[in-house]
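Trainee: Got a sequence here, can you model it:
(chains A and B)
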Amino acid sequence: VLLLHAILPIDAPRPPATGLRGWPLREVRAAGLSAWATQCVQEGFSPGRDDLLAHHGLIEQALGACLPVRFPTWLPDEHAVRELLDRRRAELEAALVRVRGRVELAVTITWTGEPSVPEPASFAATPGRRFLEERRWRYATTDQRRAEAQRLAKLLEHYPEVLKARHTLCPSPAIAVSSALLVEAEHAAGVRKRLQAFEEGIRILVNGPWPPYSFVSLEG
Amino acid sequence: MFEPSSPQTFSLSRPDEEWTLLELADRLLYRGVVLTGEATISVAGVDLIYLGLNVVLTAVETLRRAPAARDSAD
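Mentor: Numbers count the residues shown, from 1 in each chain, chains lettered A, B, ... in the order given. Model (predicted):
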């Protein structure tokens, strides 16, 4: 059984000798493409957290030159990999062109204070009115935070080096925005440094450069 | 005989490390090139791709609960 890691152009760097858990790493070539896959030698192999991170580590070795494959993706043997590369060559080649030389920065912006819509000093005594007043206050708070998150997301897109962006607004009460930014590899360090001074009143965490996980959809 | 291993548990010392791992796990598990369909095989009638994913997700859920528990204790 093969566990796929990445798809690359055939002229990409050669893979390391070993994949997950020290097992052999296979490079399967077909249709002008190359696929890196671990030959899983243990029957009943079930991946865990360390395998997840090792998969990431392998893909990072081809940073800027590969399509990372969603984890975990298995194929039964090398013949199946070659067949896959052959059948989906056009889609895979187009996706490789879209991300060539590009990397992803992961940006998380968290709130540092409470919402600025103040909680009323007291709510009505009757249950029905109290319910409506509380709900109105909660909605006002949510709307305000969402609008502010939207503004922050737009600011991220104003960086000229940001080629594409994907945002998730307010995914949890503590987080304003979770974003993936696609940038040229040579711009990653500069953008990352400038983001540290992004805006007052929020906290920003920048990870990467990572392989462009969020931008390799085969649909374009 | 195919037997899934127990989900791993783990802890990280700094909140930033936790966020980094969550962001990374989100990308590895939910993004990336999707080749499912062609890539699904089974052992003893059990679909490997889903079984494996469940194990990893369980591990990630364990991690997700850690910061929440810490926040509620503050």
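
Trainee: From now on I want contacts and neighbour counts done on CA atoms only, so please keep to that.
Mentor: Will do.

Trainee: Output the contacting helices and strands for the top helix by length along chain A.
Mentor: When every helix of chain A is counted residue by residue (DSSP state H), the longest turns out to be helix A:127-157. Applying 3 or more Cα pairs under 8 Å, 6 or more residues apart in numbering or on different chains; DSSP states H and E, we find helix A:127-157 packed against strand A:164-172, strand A:175-184.

Trainee: and the first one with helix A:127-157, angle?
Mentor: Regarding strand A:164-172 and helix A:127-157, their directions subtend 150 degrees when assessed with axes from the mean of the first three to the mean of the last three Cα atoms, to 10 degrees.

Trainee: what's the answer for the last one, then?
Mentor: Taking the same axes, to 10 degrees, one finds that strand A:175-184 is oriented at 20 degrees with respect to helix A:127-157.

Trainee: How about residues contacting strand A:175-184?
Mentor: With Cα atoms under 8 Å, 6 or more residues apart in numbering or on different chains as the contact definition, strand A:175-184 has outside contacts at A:101-111, A:145-146, A:148-149, A:152-153, A:161-171, A:212, A:214-215.

Trainee: hmm, 6 Å instead?
Mentor: Residues from elsewhere that reach strand A:175-184, judged by Cα atoms under 6 Å, 6 or more residues apart in numbering or on different chains: A:102-110, A:149, A:161-170.

Trainee: average pLDDT for that strand?
Mentor: Average pLDDT, strand A:175-184: 94.

Trainee: Check the first one too.
Mentor: Strand A:164-172 shows an average pLDDT of 91 in the prediction.

Trainee: what's the following helix or strand after the lowest-mean-pLDDT helix or strand in chain A?
Mentor: Across the helices and strands of chain A, the lowest-confidence element by mean pLDDT, DSSP states H and E is strand A:74-75, at a mean of 84. Counting by DSSP states H and E, the next helix or strand C-terminal to strand A:74-75 is helix A:78-87.
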